[in-house]
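J.: Quick one: sequence and predicted model below, then my questions.
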Amino acid sequence: VAKNYFQRREFSFTLRDDIYVRYQSFNSPQELEKEMQKMNPYKIDVGAVYSHRPSQRNTVHMGAFQAQEKELVFDIDMTDYDDVRRCCSSAEICSKCWTLMTIAIRIIDRALVEDFGVKHRLWVYSGRRGVHCWVCDDSIRKWSSALRSAAVEYLTLVKGGSESVKKVNLADSIHPFIRRSLLRFTDALADVKQVSADLLGCRGQVSSPPAVLMGVNGSPVRESLLREFPKKRDSVQRWELLKTKMDKHRASSKKACHTEWEIMLQYCFPRLDINVSRGVGHLLKSPFSVHPKTGRVSVPIDLQCLDQFDPFAVPTISGLCSELDAANEEDGEKENEAEPGAKRRTRDYKKTSLAPYVRVFEQFVEEMDKWRKGWSGGGSEL
Amino acid sequence: MLYSPNPPPLGRILHLYNSTSRKRSWGSSGQRFHLNTMEFSRERRLKARLAGDRRGDLYPHSLQFYLQPPTENISLAEFENFAIDRLKLLKLVENLGVSYVKGSEEYKSKLGHELRKLKFPYRVLAEDDYDARRKDHISHFILRLAYCQSEDLRRWFIQQEIDLFRYRFNELTDVLVQKFLKYVNLSYEAISEEVKEKLSVQLLNSTPGLSGAKVEELVFYKVPLPDAMDLFRVRRVYLLNGIAYVPHTDIIAIVLNNYRIKLSKALALTARSLPAVQSDERLQPLLNHLSHSYIGPDYSIQKNTGKISLELIDALSVKSFPLCMRQLHKALRDNHHLRHGGRIQYGLFLKGIGLTLEQALQFWKSEFIKGKVDADKFDKGYAYSIRHSYGKEGKRTDYTPFSCMKIILSNPPSQGDYHGCPFRHSDPELLKQKLQSYKIPPTGITQILELVKGMHYQLACQKYFQLTHDVDDIGFSLNHPNQYFAESQKLLSGGREVKKETSEPESSQQKLSNQKSTNSSSILTSSNTDADIELEGLDAYFTED
């Protein structure tokens, strides 16, 4: 690690009444800790590593102060799925729509590892309606913003704003990235069908065709679909109908056509917020900070048990406080308080429900450490 | 005279690129010095010719990445001529790119014709191509000085230079391509037949337009991700484990990507040394003139500031806003909210048509508080960025309204967004419905959709202008939403002649192409003949030596 790497890292605090304090930097983690205790921020963000210490940015020539590197970050936000979910909207989530998030994580994570060759990435629940991914590989931390947006574009299939209805268009030959993503998908397909009862326009106005079919204009099966859809009562049946029609169509025609997959992908494919990933200097909420609106702790997600992850079950600030109180009471009976503060604190979190999440984080850091030592030890990696 | 009659040997100025020589030892004897310089360079060239191949060392290839700045002394007259010629060339590149499919036969023959006419390197070099290569080299560096000054200028310059480079690279023979790649250090390891066989299905599926047989015969290279950015961005290449597998036919993308990065870094560096150039009172107006007359005004300074009243905006949005802004305005009124991209695009446009900061704050606030945002939240969350865009916060940059190119090329809209270019970013079906609802006649809609299909978004918008203003020839070439607005207002208030005068006899081909090449850039604030005046003015300016 380069010298004074930590000192050149930006931290930002959000204080009461949305007061932002940007460009803070610290000499040591201890100093950061002290400042946090003093300022008591509502929210803590992590920014880039700059050419100079951010706290001293005013002492250097304006153009010289530059963001040099940062983890490549991805932000997936349930709000961006508002046009396809009916269970919740904006900041709300439920276990139904969370399935979409699980799918998104699986697809992006696979691509990061297999396509981009990423070794170190940490997935973190944001505390409310989204997840963040921190990609920490040395070479990628140095990527320019152009490269970062190129990566997001590679990973993005759902394109277009409010002025387009059909937002996924597949080329005749399907790129391996999409093909592999589809494989991930079919595993989760049963869930998806369950989740989006609305998937093919079932809920509500049964008679009207789902909006997305409007985008199927060019598709040869459109007419017959419009006729037969209203007869099918639930989305699973409608999906089967669509699929059968497409299969039949493909058998009789030479031209490639992927309408049913385009529709499926539009509903379920990950939607990344490019603005968060693009800027090297963009701030992102620190793992383990408390979400100011929900009180939930932003915790790392263990991909091994992604399916079991429940955003509603993560520790909350008030929960942690009472856990600590309870634990301390117990301790007080058994031990004398002769221990030094620091040591005591490290042990304290272990008594709470936060412990397993900290463990996930530690494993991640250990893994990175091991990798780096392998490098400096002269092992030539390819 | 706008600049002093003491022209320095311009090599000194070009030397700014090598930050080592900042000496200022201009000649003291005016014209004579100048003549001397001319003679000197002629003599030197002659010598070089006699000395045999030294010139060849300087420019071993017809194509280069322009890594080394020129260091010779040149006369002011040559400096100016080179600059004008390269601008003409880049203008043509821009115009051809809008009117033809890049790389089509017509595009290539027109561009080739211009290269020959202006004596830039054309095709595979005749033996004695030194003068053309030298002109190419020096003129590129002169324009860097003129086009490094703002983000918009840099974007324009890079775009045209990249297109020019692409054309020239594609004209190279296979042998020359290999030579060039070696020269610029872009040789990559080819994959073995074995690996290729193993990956053949993936390679086939990830590279559109390839047949199985083609995959077999093509060489594929292993390229690190950052070099293959332009290919993986659009998913045109196979990625495995952080390596892009690039077919030989796509190597051009790697070269362009590399060139683009180098050029954009170099422009940023040049911008830093610019203060030194600008302190020279002869060059500074010259360079400014160069950049401004060709890219057109940036609409940052508005004569109309404060002359638009907020009550007028609804009516104006129907009559005089381009479709992109009309769409944003409607979305704002409907939803009482716009997301970030929309606020920036629309906000700067409004600033450009003359809204003051106070008006802007009032305009956005009154709309936002009808929705989910209360006054307090608006003041905290949104007012800052509005003041910021007027240069009153943060870096205090006074932001300029977005040009069509910026809107079309950068930051495409996503979920919940209404910004972007409707011709570029809408489903054709929706666009059609929208145009119908705006009472555009069916034949007009068909024409617009044809243009959209051919990716001529600005021409489509021009057509939309014609149809909504009921004119046959709009007499300008559209490249800025604020230009659209200004032209519309001019037309509606009767301040502009509608029909373009085509009566002047166009005697020579030259004149014609000149006119064509100026038309689209100069966005004229007063009359439709400004384009011509603009160019004449520039020429006159330069030859007044």
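T.: Thanks, I have it.

J.: In chain A, mark out all the helices, start to finish.
T.: Under the criterion DSSP state H, chain A contains helices at A:29-39, A:95-110, A:138-141, A:145-154, A:176-195, A:211-214, A:222-228, A:235-252, A:259-268, A:274-278, A:317-334, A:341-348, A:355-376.

J.: Any buried residues in the fourth one, and which?
T.: Taking 16 or more other CB atoms under 10 Å in any protein chain shown as the neighbour-count basis, helix A:145-154 is seen to contain the buried residues A:A146, A:L147, A:R148, A:S149, A:A150, A:A151, A:V152, A:E153, A:Y154. Using the backbone N, CA and C atoms, a C-beta is placed for each residue, glycine as well.

J.: what's it in contact with?
T.: By CB atoms under 8 Å, 6 or more residues apart in numbering or on different chains, the residues outside helix A:145-154 that reach it are A:72, A:74, A:111, A:115-116, A:143, A:177, A:272, A:274, A:277-280, B:225-226, B:229-230, B:232-235, B:239.

J.: mean confidence for stretch B:330-349?
T.: Averaging pLDDT along stretch B:330-349 gives 93.

J.: all strands for the stretch 401-545 of chain B, in order.
T.: Taking DSSP state E, counting those that start in this stretch, the stretch 401-545 of chain B contains no strands at all.

J.: er, chain B I mean
T.: Using DSSP state E, the strands of chain B run over B:189-190, B:220-224, B:238-240, B:243-247.

J.: Next, format those strands as a markdown table and append mean pLDDT and mean neighbour count.
T.: A markdown table is the format used below for the strands of chain B (pLDDT from 0 to 100; neighbours: other CB atoms under 10 Å in any protein chain shown):
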| stretch | mean pLDDT | mean neighbour count |
| --- | --- | --- |
| strand B:189-190 | 90 | 12 |
| strand B:220-224 | 94 | 19 |
| strand B:238-240 | 96 | 22 |
| strand B:243-247 | 95 | 23 |
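
J.: mind checking which helix or strand of chain B has the lowest mean pLDDT?
T.: Using mean pLDDT, DSSP states H and E, helix B:530-543 stands out as the lowest-scoring helix or strand of chain B, at a mean of 29.

J.: Could you name the stretch from the helices of chain A that's closest to B:N411?
T.: Comparison of the helices of chain A against B:N411 by CB to CB identifies helix A:274-278 as nearest, at 8.1 Å.

J.: quick one: the closest one near chain B?
T.: Yes. Using CB under 8 Å from any CB of the partner chain, we find that helix A:274-278 touches chain B at A:I274, A:N275.

J.: That helix - contacts with which helices or strands?
T.: In terms of contacts (3 or more CB pairs under 8 Å, 6 or more residues apart in numbering or on different chains; DSSP states H and E), helix A:274-278 is packed against strand A:72-77, helix A:145-154.

J.: Need the residues that contact the shortest one.
T.: By CB under 8 Å, 6+ apart, the surrounding residues in contact with strand A:72-77 are A:101, A:104-105, A:108, A:126, A:129-135, A:140-141, A:143, A:148, A:151-152, A:155, A:270-273, A:276-277, A:282, A:284.

J.: Check whether B:Y399 really touches B:R387, as I assumed.
T.: No. B:Y399 is beyond contact range of B:R387, at 11.2 Å (criterion: CB atoms under 8 Å).
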